[in-house]
Every structure is written in structure tokens, then in C-alpha cells.
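Colleague: Next one to model:
(2 chains)
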Amino acid sequence: MTCTEFLAQLDDMLDQDAALPLRADLQEHLRGCEHCEITLSTTRKTIEIYRSHELYELPEELRDRLHKAIVAKCRKC
Amino acid sequence: MAAYEKLVKQYDRQVFRIANHIVQNREDAEDVVQDAFLKAYEKLDQFQGNSKFYTWLVRIAVNESLMRLRKRRTGRMVSIDEDVETDEGSMPRDLADWSPDPEALYGQSEMADILRKTIQGLPPGFRVVFALRDVEGLSTEETAQALGLSVPAVKSRLLRARLQLRERLSRYFKRRDQKQAQDGAK
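Modeller: As a prediction, this is how the structure comes out:
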């Protein structure tokens, strides 16, 4: 398996969607390719970091204001 | 109305996050939240129940967000197909390992700033796929349904979005490493 072929299956590795025979081939490639190992681990970390940080928090005060505005608009229609 | 208020409370945070990911502007995102919930309320009789209410609501919120972007860009057409033909990030270039763990190097708010700046650089069509699939946890099929895209199109955009974000974060973390090494040498 080449690095380009590995990369094409990267999402299946990350999402654990790869069928068993393919997964074995991907693992085999990873054992001998540091670049793909790093690409996989840092892409996985990228997703984890984005999942674990709240980038756009909705403060309670704003939330209340939005609720009131939504309810008022819905009642009018 | 009380039942609908419950739905607003259940999904308002997600809609606010998705809108922010697309419009990249807090005031516009607030407007999107209001308009999306109002539009969903007006169209409730059109909701056919063959998808989840949330997926249907996300589709409305995405369309409202794109309309806001279009307004801000003085009428220029904005779609989720924009700029997605770029080859940037298709092949990983920066292949340094992230060691030590970047989360140990930055405080919470500094890291959040970095993540916001990094994702802002992506075309809207990549941002939204990454946000729905990886941040909000929708399945590939739900993401496709919410965006009106095919499953292969979602998969292709998701791969490129993930690789571009990885590449951009890698450059960011490397700069920090280099700066620390320079400071240490002084």
C-alpha cells in the first residue's frame, strides 16, 4: 500500500469504518511508515481538540434574550 | 407553543454553534438562531418526519447562515460549494509529531482562539461539513441530508477539511515550538 492509498482511507481509519481485511492492510502500512502514523495521530488529535473546546458558547443571558425574541415572533405569526 | 419552546431550549446551543461556524460573526449568528427557529415554526406543517427534527432544523439554520454571509458580502453569491475545489491540504506537508501535547502548552482560552482562527481560514463548504460531522456528531448520512449533498461529497469534503485543519494547526504549533526554542537559547 502506498501513502496516497493510505491517505484515501484515512477517514475510514479515523471513523473506524474500515472493513477488517482493509484495516489489516492499513495497520501493516502504518507499522512501516512514520509519516502516515504522524498524519493519522495528529488528524485524530485535531478532531479531539475541536470536540473538547467550546468555541462559541451561548451565555445564559443571551440565551434568555433569544428565547424571548423567538417566542414573541412565533406568537405573532 | 410550550412544546416548541422545549425544542428551542433543546437545540439552541447547537444552532448557535453551527451558525457561528458558518457566518463567523456573533451578531449574525444571533440573528440566524432567531430566524431559523422562526422559520422552522412557520414550516412545522411541512416537516414530514422522514428525517429527525434536528437534521431538518440544521438544514434551515445552514440556509439562513449562508443568506447572512451573502448579505454581508453585498449580495455576492455564497454557497456551500464555494472554494471546495482547492487542492490545499490534500497531501500532508508538515509531518512533525505534536509533542509535547499542544493542549499542555496553551491555556483554554488561548487554545480556543487558535482553533477559531484556524477554522476561519477554511472555505465555508469545508467548515460546515467539519462542524456538523466532527463537532456536532451528526452521521455522514445526516450531514449529507442537512446540507443537500451526496454522501461521497460529504466524505470528500470531510477528509480535506480534516487534513487542512491538521496542516494549519501543525504550522501554528511549530511556530510556538520554534519561539520557545529561541527564547530558551537567549
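Colleague: count of residues packed around residue 1?
Modeller: Just going to use chain A. Residues within reach of A:Met1, counting by other CB atoms under 10 Å in any protein chain shown, total 16. Heads up, the C-betas are built off the backbone N, CA and C, glycines and all.
Colleague: should've been chain B
Modeller: B:Met1 has 9 nearby residues by other CB under 10 Å.
Colleague: what do you get for the one 3 residues further on?
Modeller: Look at B:Tyr4: counted by other CB under 10 Å, it has 15 neighbours.
Colleague: For it, give me its contacts.
Modeller: Contact analysis of B:Tyr4 by CB atoms under 8 Å, 6 or more residues apart in numbering or on different chains lists A:Cys74, B:Tyr41, B:Leu44.
Colleague: Could you pick out which of those residues are located in strands?
Modeller: Among the contacts of B:Tyr4, no member falls in strands (DSSP state E).
Colleague: Buried only: go through the residues you listed for me.
Modeller: A:Cys74, B:Tyr41 (16 or more other CB atoms under 10 Å in any protein chain shown).
Colleague: Looking at the contacts of B:Tyr4, which is nearest A:Leu26?
Modeller: Using CB to CB, B:Leu44 is the member of the contacts of B:Tyr4 that lies nearest A:Leu26, at 45.5 Å.
Colleague: ok, now which ones touch the closest one?
Modeller: Contacts of B:Leu44 by CB under 8 Å, 6+ apart are B:Tyr4.
Colleague: got it, and A:Tyr56?
Modeller: B:Phe16, B:Arg17, B:Asn20, B:His21, B:Arg26, B:Ala29.
Colleague: Over to B:Ala146?
Modeller: B:Ala146 neighbours (CB under 8 Å, 6+ apart): B:Thr55, B:Val58, B:Arg59, B:Val62, B:Leu132, B:Leu138.
Colleague: and with 6 Å instead?
Modeller: When contacts are counted by CB atoms under 6 Å, 6 or more residues apart in numbering or on different chains, B:Ala146 touches B:Thr55, B:Val58, B:Arg59.
Colleague: Taking the centroid of the chain, which residue is nearest it?
Modeller: Chain wasn't specified; assuming chain A. A:Ile47 (4.1 Å; CA atoms, centre = their mean).
Colleague: my question was about chain B
Modeller: B:Ala131 (3.4 Å).
Colleague: Count the neighbours of the residue nearest to it when sequence neighbours are not counted for me.
Modeller: Spatial nearest neighbour of B:Ala131, excluding adjacent residues (CB to CB, 6 or more residues apart in numbering or on different chains): B:His21 at 4.0 Å. By the criterion of other CB under 10 Å, B:His21 has 25 neighbours.
Colleague: How about A:Arg75?
Modeller: A:Arg75 has 9 neighbouring residues, counting by other CB under 10 Å.
Colleague: now A:Glu54
Modeller: Around A:Glu54 there are 12 residues (other CB under 10 Å).
Colleague: Quick one: classify it as helix, strand or coil.
Modeller: Under DSSP: H, G, I helix; E, B strand; the rest coil, A:Glu54 falls in the coil class.
Colleague: For it, give me phi and psi.
Modeller: phi -90, psi 100 (degrees, to the nearest 10).
Colleague: how about the CA coordinates for stretch A:54-62, as CSV?
Modeller: The C-alpha trace of stretch A:54-62 is given here as CSV (Å, rounded to 0.1, in the frame of the first residue of the first chain):
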residue,chain,number,x,y,z
GLU,A,54,-16.4,25.2,23.2
LEU,A,55,-15.6,27.8,20.6
TYR,A,56,-18.9,29.5,20.5
GLU,A,57,-20.5,29.5,23.9
LEU,A,58,-24.1,30.8,24.3
PRO,A,59,-24.2,32.7,27.6
GLU,A,60,-27.4,32.3,29.7
GLU,A,61,-28.2,36.0,29.5
LEU,A,62,-28.1,36.0,25.7
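Colleague: Good, we can wrap up now.
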